[in-house]
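> Turn this into a structure:
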Amino acid sequence: MTFASRLAVETTGAVQAACFHLNGRPHFISFTYMTTAIRAFAFLFGCRGPGLAAALWLLLLAPASGMTRVLYLGDSFSKGAFGRNLDAQLRSAGMEVYTSVTGGASAYDWLPEFGVTSTNIGYWEKTPKQEFRVTYLERVPKIDEMMERWKPEMVVIQGGTNMYSVLTSKSRPKEENIAELERLLNRIGQIVTASGAKLYWITPASAHPERFSAELQEEMRTILTRTASRYGRTFDSYAVTRFTDPYPGTDGIHYGPNEATAWSRLVARDVITYSGRVPGSRRAVAERAEAGRAGGSAKGRGFWDIFRRKRPARSAGEAVADAPSGLRSTDNQTPPGGATASWPPPLPAEDPLEVEVTLKQKSAIPNLAEVTYRSALGIFEYEVVAVNRGTYEPRTIRIAHLVVMNNQYTAINERPLGYAMTLQVERLSRYPNLEKIQTVDDLEAAYDLPVFVPKLSPVDRPPQPTPAGQ
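Residues are numbered from 1 along each chain as shown. Below is the predicted model of the structure:
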């Protein structure tokens, strides 16, 4: 294909990008104008006959292909260099990206059945029309709401680090922990694919083996890959990353900007390929049209690549569809209903349990440098002396206390063994928001003992954890 022919083809694509998907729907009213533009270019550059025919053929039969409307969800990894670069690379590839990143996020935040959760460790939202970042968000957006609002063709999720606690929980047998994680992943996959979208899950990056054991990381890797791949594709970040910073001294999880950027480039390349933007592009169609004919020189192909790279990216004002306004902390606080709200069944209302207890043993208090989000829970075991209110049969009870808050030890750590007190407690499972707080539990496993927390009043509830160093 001559230079003029290629230029005509690229002109077709440029005009088509502006006119073909007006407001997210096919729009052929501008066909005459596109044809006129092609003829003008062809005339100026002497492109006639087969070259012009090829350009018109591509206009009619080769619209920009692949999944272009993307919802990108992420946790604290995506708040920094990894997320910024991945978002930018997807937009540069011509995708219409709706980014919603919540620090400390997990499936418990995104799934509607777990009710409203909040965050004060950062939220970032970016659409084709606007971008905002806040430190505190009262209501983290739910995935079903975002699917309905933005109607993506592909959902890219970077997450999993904040779900290691699901696998390490001592309140359930090991096989139930695995089943719970699979259940969470399946629910997300079902919501994504219900509308015909594809799921693309980015596994956690490798963590320091003293923070999360190699066996635990391999278990997460296996479960995520096996489960999420049923609904689309999984990117194995464990295979391309290695945590080399010292631990303790760092949190053993988060990467510096150079490593995070390199990781994001590998992910972006794979996302774009999976989306069909590369193999289904106009360039590939043009190359197939040239099959069987004398191929262009390496020099010619190089110029073609340079020409494509120099094409300006679509600006926010040329967005395919109107971008909805971001979900703010003042949005409606009512959790969504519908069929998804019935799984799992909501916990029945319970009155707080009031017990007189004596402290028997405590989980080891972590080094502050090992606390990922500046706050941590510790599991303490008490002997039950008396039950003043409610019903509780076991002679021991386990209670999760906030042992580190805002990167400082709390007074509960100073209480010695044998310390007696009276507490009102509720089941930890009633507070899914606490799932994202790092939990230290080195007590012997006791699956028959549910974990409780001291009754939390609105003024007593601990703040959402804040990443170390921020």
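
> ranges for the strands of this protein?
Using DSSP state E, the strands of the chain run over 69-74, 96-102, 123-126, 131-134, 154-158, 198-202, 232-235, 353-362, 376-389, 396-405, 408-409, 420-427, 438-440, 451-454.

> Could you tell me the angle between the second one and strand 154-158?
I take that to be strand 96-102. 30 degrees (axes from the mean of the first three to the mean of the last three C-alpha atoms, to 10 degrees).

> Out of the strands of the chain, which one sits most buried?
Across these, averaging neighbours per residue (mean count of other C-beta atoms under 10 Å) puts strand 154-158 on top, at a mean of 27. Backbone N, C-alpha and C define where each C-beta goes, glycine included.

> Select from the strands of the chain the stretch with the lowest mean pLDDT.
Note on the strands of the chain: lowest mean pLDDT is at strand 438-440, with a mean of 80.

> quick one on the thing from earlier: distance to R265 added to the strands of the chain, as CSV?
Formatted as CSV, the strands of the chain follow (distance: least, C-beta to C-beta, whole Å):
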stretch, distance to R265
strand 69-74, 15
strand 96-102, 16
strand 123-126, 19
strand 131-134, 21
strand 154-158, 14
strand 198-202, 13
strand 232-235, 12
strand 353-362, 45
strand 376-389, 33
strand 396-405, 35
strand 408-409, 38
strand 420-427, 44
strand 438-440, 30
strand 451-454, 41
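
> All the helices of the stretch 51-200 of the chain, residue numbers only.
81-92, 107-110, 143-150, 164-168, 174-194 (DSSP state H, counting those that start in this stretch).

> of all those, which lies closest to Q408?
helix 164-168 (21.9 Å; C-beta to C-beta).

> Using CSV, write out every CA atom in the closest one.
Extracted C-alpha coordinates of helix 164-168, given in CSV (Å, rounded to 0.1, in the frame of the first residue of the first chain):
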residue,chain,number,x,y,z
TYR,A,164,-5.7,-12.3,52.2
SER,A,165,-7.5,-12.0,55.5
VAL,A,166,-10.3,-14.1,54.1
LEU,A,167,-7.8,-17.0,53.6
THR,A,168,-6.2,-16.5,57.0
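
> now for it, which elements pack on it?
helix 174-194, helix 214-228 (3 or more C-beta pairs under 8 Å, 6 or more residues apart in numbering; DSSP states H and E).

> Which segments of the protein make up each domain?
Using automatic domain parsing, the domain parsing of the chain gives 3-63+281-312, 69-275, 353-454.

> So which of those is the most surrounded?
domain 69-275 (a mean of 19).

> what's the span of that domain from first residue to last?
10 Å (C-alpha to C-alpha, to the nearest Å).

> these two touch, right, P248 and N367?
Yes - assessed by C-beta atoms under 8 Å, P248 is found in contact with N367 at 5.1 Å.

> Show me the shaky parts of this structure.
1-67, 278-350, 366, 370, 372-373, 432-433, 435-436, 447, 456-470 (pLDDT under 70).

> okay, the helices and strands packed on helix 164-168 in JSON lines with distance to E381 next?
Formatted as JSON lines, those follow (distance: least, C-beta to C-beta, whole Å):
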{"stretch": "helix 174-194", "distance to E381": "20"}
{"stretch": "helix 214-228", "distance to E381": "23"}
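
> Contact partners for L111?
Listed by C-beta atoms under 8 Å, 6 or more residues apart in numbering, the contact set of L111 reads K142, I143, L184, R187, I188, I191, T340.

> Relative to V385, which of those is nearest.
Using C-beta to C-beta, the contacts of L111 come closest to V385 at L184, 37.7 Å.
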